[in-house]
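Engineer: Okay, structure incoming, though there's no sequence with it:
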């Protein structure tokens, strides 16, 4: 097969790909969702969805753990697989209980679905060599 068509001009580097994946989506999760929960915890606690009926504030605390703390752990590659499990639980619950498996309409659950898939891939593959876990 043609070297250009098979992208043979690009070296295959799984560890670099895992680093990019960790940092790119981890940063997006932290900036868009984690930082929002850190800075607005008290105002969000009153109206945060509570699909598991444990209370809005505890549910928000779990979401803060996932979206802020675990996303940062994934970015730097510390306890990556454990952090990925927490992210998978949070985003999976959001996709199922809040967005009700919806990809379209007012309950669009595309982002939780994408973050769940990202965390699942990192859980399976691990963080790669360019991480604290990989050292």
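Structural biologist: Good, I have the coordinates. Keep in mind that what you see is a predicted model, and the values were worked out from it rather than measured.
Engineer: Tell me which residues touch residue 37, please.
Structural biologist: The contact partners of residue 37, taken as C-beta atoms under 8 Å, 6 or more residues apart in numbering, are 44, 60, 63, 64, 67, 68. Backbone N, C-alpha and C define where each C-beta goes, glycine included.
Engineer: distance of residue 116 from residue 101?
Structural biologist: Going from residue 116 to residue 101 by C-beta to C-beta, to the nearest Å gives 12 Å.
Engineer: Please say which of these two ends up with more neighbours.
Structural biologist: Shown here are residue 116 and residue 101; by other C-beta atoms under 10 Å, residue 116 has more neighbours (22 against 10).
Engineer: OK, contacts around that one?
Structural biologist: When contacts are counted by C-beta under 8 Å, 6+ apart, residue 116 is found next to 87, 88, 91, 92, 95.
Engineer: For it, identify the helix or strand it belongs to.
Structural biologist: Using DSSP states H and E, the element containing residue 116 is helix 110-125.
Engineer: Look up the closest residue to the residue nearest the centre of the chain, ignoring the ones flanking it.
Structural biologist: Within the chain, one residue has its C-alpha closest to the average C-alpha position: by C-alpha atoms, centre = their mean, that is residue 115, at 4.3 Å. The spatial neighbour of residue 115 that comes closest, neighbours along the chain excluded (C-beta to C-beta, 6 or more residues apart in numbering), is residue 91 at 4.4 Å.
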